[in-house]
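**Student:** mind folding the following:
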Amino acid sequence: MKVRVGNLHPLLLMGGLIQVGLLLLITLGNLTLNSGVYVALFLGLFLLFCIAGLIVTGQLQNKNYLTTAKPGSLLIIIFFAVLFRLTTIFAAPTLSTDQFRYTWEGRLLTQGVSPYRYSPDDPALTPYRSEIWSLVQQRETASPYPPLSQIIGATEYLVFGDSLLGPKIAAVLFDLLTCGALLWLLSIFKRDLRLVLLYGWCPLPIIEFGQSGHNDAPMLFFLLLAVGLAVKQKPTTSAIMLGLASLAKFTPLFGLPLFLGLWAGKLNGWNWKSWFLQPRQWRYPLLTLGVVIAGYVPFLLLGGGAIGSVFEYTGTWRDNDSLFFGFSYDFFGATVAKLLSVVILGSVVLVLTFHPRLSQTLSLPRRLMLIFGTTLLVASTVHAWYLTWLLVFLPLVYGEKGFRKWDNIWLLFAMLVQLPYLTYAGNLSLYNWIKYVEYLPLYGAILWGIVVESIMLIGNKYKTRLLAKNAVETGIIETNKENRHLNRKNLE
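**Tutor:** Okay, the predicted model is just below:
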């Protein structure tokens with residue numbers, strides 16, 4: 001019996017092709033040395049993912065068999081989301097050196113030494129050195145990673161030792177939990193559960209977590225829990241989850257103000273003035289900050305402070321920086337560039353928090369996505385896996401009126417953000433043009449959108465005024481006609 005392509009479930013076909021691509025990824029071995037082949041393979045995987053996304057979102061409806069509603073779609077999506085992540089665990093971790101530091105710092109913590117106290121090349125750590133130490137990069141700086149990441153790293157080391165499987169397996173487990181949390185949130189927001197594919201099948205988190213083991217995965221999981229619990233009107237546990245997310249990575253703290261309204265019990269906007277006048281409402285953000293502070297206390301007890309190289313990382317490091325930061329740095333210097341970035345990000349946070357119409361009409365996931373998107377637009381460091389901060393919210397917001405182009409351009413950026421890996425083989429001359437290919441579509445689309453929206457807004461205001469003026473003039477004319485008619489009657 002011959003099996004026709006049209007008889008196959010379309011998602012089964014797309015999932016099978018993506019799986020073949022991930023198996024090819026494993027065969028490449030060192031992806032840094034084969035960066036050109038890797039990037040080409042990633043672009044192909046991303047296009048397959050986009051086709052699968054089009055199937056689920058129904059954008060090919062009535063055009064071909066791909067959108068035929070067939071049973072088992074959700075099971076197929078979940079099956080492949082799990083399979084993809086388990087597959088990438090076996091890929092050589094050659095795109096990033098972060099997992100070496102995770103393992104090294106986990107080793108230190110199991111020995112009772114705070115990773116914040118010493119830099120890896122400090123002579124005081126000589127007795128603790130192992131084979132993994134020689135692979136750690138930036139050995140002149142102490143750890144920049146928050147406490148929960150350190151505790152997870154120590155747990156990995158206790159189970160796997162110096163093996164790099166530890167960070168990869170931990171990241172995959174948390175990423176799978178994130179997919180589960182997305183299914184929960186999709187049910188809360190009453191959206192089609194199959195939209196989980198928009199994150200579950202995306203090659204970027206699959207590879208960056210499964211292959212490289214980045215510690216953003218725990219942050220995303222706890223952040224989604226915080227969002228869901230806030231929407232379910234459970235402010236205490238939501239505040240705790242947000243604190244845990246911030247202990248994995250500090251990024252969620254940028255979105256802390258957005259939770260205040262929901263924690264106050266206001267699902268459709270909130271009166272921030274009355275909120276400030278009710279100290280009992282302050283307990284939730286204070287609880288989040290308290291969780292963060294409590295996470296650092298054990299490391300303070302180990303001695304040597306607990307800040308590590310956080311300020312050094314945020315203040316001086318540059319890697320694949322945004323065009324905005326790059327130009328600001330070149331024209332005004334590092335201090336002014338950082339200050340401008342902080343002012344822009346802070347302004348966006350304030351607007352999305354306190355603007356009455358925006359806080360009412362935009363969901364919490366959408367506003368968080370806007371804040372994290374702004375963060376990347378002005379950041380001095382933009383690694384590929386930072387895009388997971390936005391991608392994780394895509395199933396919850398994709399298709400919203402007025403934002404589809406915004407979401408699609410970020411998907412394009414999530415694909416192009418892999419281009420800097422082409423320079424990892426040592427060909428740094430590529431970096432100059434790669435940066436523009438990577439960023440110009442993003443900035444161009446956003447600026448064009450702002451211009452078009454501004455023109456439409458001005459046009460609508462002008463049209464409204466014109467209609468009002470015509471209405472007034474028409475009213476005056478009609479009134480004059482009625483007056484003349486009455487006058488004639490009176491004369492008669």
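**Student:** give me the next element, helix or strand, following the one helix or strand in the chain whose mean pLDDT sits lowest.
**Tutor:** Least confident element among the helices and strands of the chain, by mean pLDDT, DSSP states H and E: helix 272-276 (a mean of 61). As assigned by DSSP states H and E, the chain's next helix or strand after helix 272-276 is helix 283-302.
**Student:** and that next one, what does it pack against?
**Tutor:** Contact analysis of helix 283-302 by 3 or more CB pairs under 8 Å, 6 or more residues apart in numbering; DSSP states H and E lists helix 147-160, helix 235-248, helix 256-263 as its packing neighbours. In this view, the C-beta of every residue, glycine as well, is placed from N, C-alpha and C.
**Student:** which one, of the ones you listed, ends up nearest to Asp319?
**Tutor:** Set against Asp319 and scored by CB to CB, those come closest in helix 147-160, at 18.8 Å.
**Student:** can you list the neighbours in contact with that closest one?
**Tutor:** 102-103, 105-107, 109-110, 115, 143, 145, 166-167, 169-170, 215, 218, 244, 247-249, 295-296, 298-299, 306 (CB atoms under 8 Å, 6 or more residues apart in numbering).
**Student:** any idea how far that helix is from the chain center?
**Tutor:** Centroid displacement of helix 147-160 relative to its chain, using CA atoms, centre = their mean, to the nearest Å, is 23 Å.
**Student:** could you export that helix as PDB, CA atoms only?
**Tutor:** Taking Å, rounded to 0.1, in the frame of the first residue of the first chain, the C-alpha atoms of helix 147-160 are listed here in PDB:
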ATOM      1  CA  PRO A 147      21.800  32.300  43.800                       C
ATOM      2  CA  LEU A 148      19.100  29.900  42.300                       C
ATOM      3  CA  SER A 149      21.400  29.300  39.300                       C
ATOM      4  CA  GLN A 150      24.200  28.500  41.700                       C
ATOM      5  CA  ILE A 151      22.100  26.100  43.700                       C
ATOM      6  CA  ILE A 152      20.900  24.400  40.500                       C
ATOM      7  CA  GLY A 153      24.600  24.200  39.300                       C
ATOM      8  CA  ALA A 154      25.600  22.600  42.600                       C
ATOM      9  CA  THR A 155      22.800  20.000  42.300                       C
ATOM     10  CA  GLU A 156      24.000  19.300  38.800                       C
ATOM     11  CA  TYR A 157      27.500  18.800  40.000                       C
ATOM     12  CA  LEU A 158      26.500  16.400  42.800                       C
ATOM     13  CA  VAL A 159      24.700  14.200  40.300                       C
ATOM     14  CA  PHE A 160      27.000  14.500  37.200                       C
END
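**Student:** how about the next helix-or-strand element following it: buried residues?
**Tutor:** Downstream of helix 147-160, the first helix or strand assigned by DSSP H and E is helix 165-188. Under the neighbour-count criterion of 16 or more other CB atoms under 10 Å, helix 165-188 has 165-183, 185-186 buried.
**Student:** next: stretch 371-383.
**Tutor:** Ile371, Phe372, Gly373, Thr374, Thr375, Leu376, Leu377, Val378, Ala379, Ser380, Val382, His383.
**Student:** okay, the third one: pLDDT?
**Tutor:** Confidence at Gly373, expressed as pLDDT, is 95.
**Student:** so how far is Thr126 from the residue lying closest to it once chain neighbours are set aside?
**Tutor:** Residue nearest to Gly373 in three dimensions, not counting chain neighbours: Leu390, with 5.7 Å by CB to CB, 6 or more residues apart in numbering. In this view, Leu390 and Thr126 are 42 Å apart by CB to CB, to the nearest Å.
**Student:** phi and psi next, for Asp319.
**Tutor:** phi -160, psi 120 (degrees, to the nearest 10).
**Student:** beta partners for it?
**Tutor:** Listed by DSSP bridges, the beta-bridge partners for Asp319 are Thr381.
**Student:** that one reaches Val382, doesn't it?
**Tutor:** Yes. Here Asp319 reaches Val382: they are 7.5 Å apart, a contact under CB atoms under 8 Å.
**Student:** quick one: the helices in the stretch 51-200 of the chain, in order.
**Tutor:** Remark: helices assigned in the stretch 51-200 of the chain by DSSP state H, counting those that start in this stretch are 73-88, 98-110, 147-160, 165-188, 197-200.
**Student:** I'd like the ones you listed laid out as JSON lines, including distance to Ala264 and mean pLDDT.
**Tutor:** Below are the helices of the stretch 51-200 of the chain laid out as JSON lines (distance: least, CB to CB, whole Å; pLDDT from 0 to 100):
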{"stretch": "helix 73-88", "distance to Ala264": "35", "mean pLDDT": "95"}
{"stretch": "helix 98-110", "distance to Ala264": "38", "mean pLDDT": "93"}
{"stretch": "helix 147-160", "distance to Ala264": "27", "mean pLDDT": "94"}
{"stretch": "helix 165-188", "distance to Ala264": "19", "mean pLDDT": "96"}
{"stretch": "helix 197-200", "distance to Ala264": "29", "mean pLDDT": "96"}
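**Student:** ok, the residue nearest to the spatial centre of the chain to Leu54 distance?
**Tutor:** Geometric centre of the chain, nearest residue: Trp389, 1.3 Å, by CA atoms, centre = their mean. Distance, Trp389 to Leu54, by CB to CB: 24 Å.
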